[in-house]
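Engineer: Structure for this input, please:
(one chain, ligands or ions: 1)
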Amino acid sequence: KIFENSFSASKAVAKEIATLIKAKQKTNDHCILGLATGSTPKGLYAELVRMHKEDGLSFKNVISFNLDEYYPMEPDSIHSYVRFMKELLFDQIDILPSNCHIPDGTLTKKQISKYCAEYEQKIESLGGIDLQILGIGGNGHIGFNEAGSLQNSKTRLVALDHITRVAASKDFSGLSNTPRTAITIGVKQIMEAKRVILMAWGEGKSNIIAASAEGEVTNKVPASFLQEHDNVVFVIDKAAAKKL
Ligand code: GLP
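Structural biologist: Numbers count the residues shown, from 1 in each chain. Have a look, this model is predicted:
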């Protein structure tokens with residue numbers, strides 16, 4: 001779906017999320033959302049906050065799982081995705097803090113694999129992700145599943161690509177301060193979500209959007225795996241659609 005701009009696109013995605021949350025409320029069910037960070041979903045989160053404050057949309061039945069977190073990372077660091085999610089969404093809506101899950105950047109290396117298995121099990125025990133929100137890295141990564149990630153890759157510690165670190169380095173004031181690793185949900189968990197919405201804005205994403213949506217399905221471009229998902233939509237603005 002191609003929208004005039006990221007504002008109207010974000011509003012449409014927020015509307016779909018609100019409809020899902022309300023449908024789940026009617027049947028007394030939880031709504032399991034997979035959430036993303038980065039600049040792309042900021043407008044979406046602003047619209048969800050507006051819907052909560054002005055339209056009374058409640059998030060009490062929402063359970064969220066974030067895609068990823070830098071490793072190592074303290075939750076109260078200005079760079080952490082915990083802080084990002086709290087500031088932009090969780091602290092401004094009525095979601096229960098105990099229902100918000102973000103990979104833990106404070107684990108010891110030894111703890112990580114057990115933790116990742118438990119993160120997946122928690123999602124599975126709740127019946128899987130109802131709706132997964134994704135951004136896309138300029139190199140085609142989803143979550144932090146970089147090029148080379150397999151379609152059945154699991155939640156794990158990954159090394160970040162140089163290109164990803166360069167993109168992140170502006171937030172970390174320099175490459176030497178930018179983390180080299182992160183914990184990410186695997187491609188497998190993303191593919192198992194009941195619905196996936198990938199969002200992208202701006203001409204800078206146009207090449208990778210074309211490669212992901214219309215190119216070969218390859219682990220060189222992890223977002224291309226989504227072509228094999230049976231309920232996925234790319235919600236993009238006109239600039240990101242330029243190369244389609
Ligand atoms: C980071 C995140 C991804 C996100 C990507 C794109 O790498 N881990 O989940 O999709 O950035 O970032 P942006 O939305 O700022 O372009």
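Engineer: Retrieve the pLDDT associated with Thr164.
Structural biologist: Thr164 is assigned a predicted lDDT (pLDDT) of 96.
Engineer: Name the nearest residue to it, sequence neighbours excluded.
Structural biologist: Computed as C-beta to C-beta, 6 or more residues apart in numbering, the closest residue to Thr164 that is not its neighbour in sequence is Gly137, at 5.7 Å. Heads up, the C-betas are built off the backbone N, CA and C, glycines and all.
Engineer: Where does that neighbour sit: helix, strand or coil?
Structural biologist: Per DSSP: H, G, I helix; E, B strand; the rest coil, the secondary structure class of Gly137 is coil.
Engineer: Output the lowest mean pLDDT helix or strand found in the chain.
Structural biologist: helix 162-169 (a mean of 96; mean pLDDT, DSSP states H and E).
Engineer: what separates that one from the chain centre, distance-wise?
Structural biologist: Put simply, helix 162-169 sits 17 Å off its chain's centre (C-alpha atoms, centre = their mean, to the nearest Å).
Engineer: Give the next helix or strand downstream of it.
Structural biologist: strand 181-184 (DSSP states H and E).
Engineer: one step back: Ala168 is in contact with the residue nearest to Thr164, correct?
Structural biologist: No: Gly137 is beyond contact range of Ala168, at 9.7 Å (criterion: C-beta atoms under 8 Å).
Engineer: For these two, indicate the residue with more neighbours.
Structural biologist: Neighbours per residue (other C-beta atoms under 10 Å) separate Gly137 from Ala168, with Gly137 holding more: 23 against 19.
Engineer: got a list of what the more buried one touches?
Structural biologist: Going by C-beta atoms under 8 Å, 6 or more residues apart in numbering, Gly137 touches 146, 163-164, 167, 208.
Engineer: of those residues, buried ones?
Structural biologist: Among the contacts of Gly137, those classed as buried by 16 or more other C-beta atoms under 10 Å are 146, 164, 167, 208.
Engineer: Give me every residue in the protein lying close to the ligand.
Structural biologist: Where the chain comes near the ligand, counting by C-beta under 6 Å from any ligand atom, the residues are 36-40, 67-68, 135-137, 143-144, 164.
Engineer: Can you tell me what sits against the lengthiest helix in the chain?
Structural biologist: The longest helix of the chain (DSSP state H) is helix 6-26. The contact list for helix 6-26 (C-beta under 8 Å, 6+ apart) reads 1, 3, 30-31, 33, 40-41, 43-44, 46-48, 51, 55, 57-59, 61-62, 130-131, 133, 197, 199, 201-202, 235-237.
Engineer: taking those residues one by one, which sit in helices?
Structural biologist: Short answer: the contacts of helix 6-26 in helices (DSSP H) are 43-44, 46-48, 51, 55.
Engineer: Dump those to TSV, plus pLDDT and neighbour count.
Structural biologist: Converted to TSV, the ones in helices among the contacts of helix 6-26 look like this (pLDDT from 0 to 100; neighbours: other C-beta atoms under 10 Å):
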residue	pLDDT	neighbour count
Gly43	98	20
Leu44	98	26
Ala46	98	17
Glu47	98	19
Leu48	98	26
Met51	98	20
Asp55	98	8
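Engineer: check contacts around the residue nearest to Cys116 when sequence neighbours are not counted.
Structural biologist: Spatial nearest neighbour of Cys116, excluding adjacent residues (C-beta to C-beta, 6+ apart): Thr155 at 4.0 Å. The contact partners of Thr155, by C-beta under 8 Å, 6+ apart, come to 103, 116-117, 119-120, 183-186, 189.
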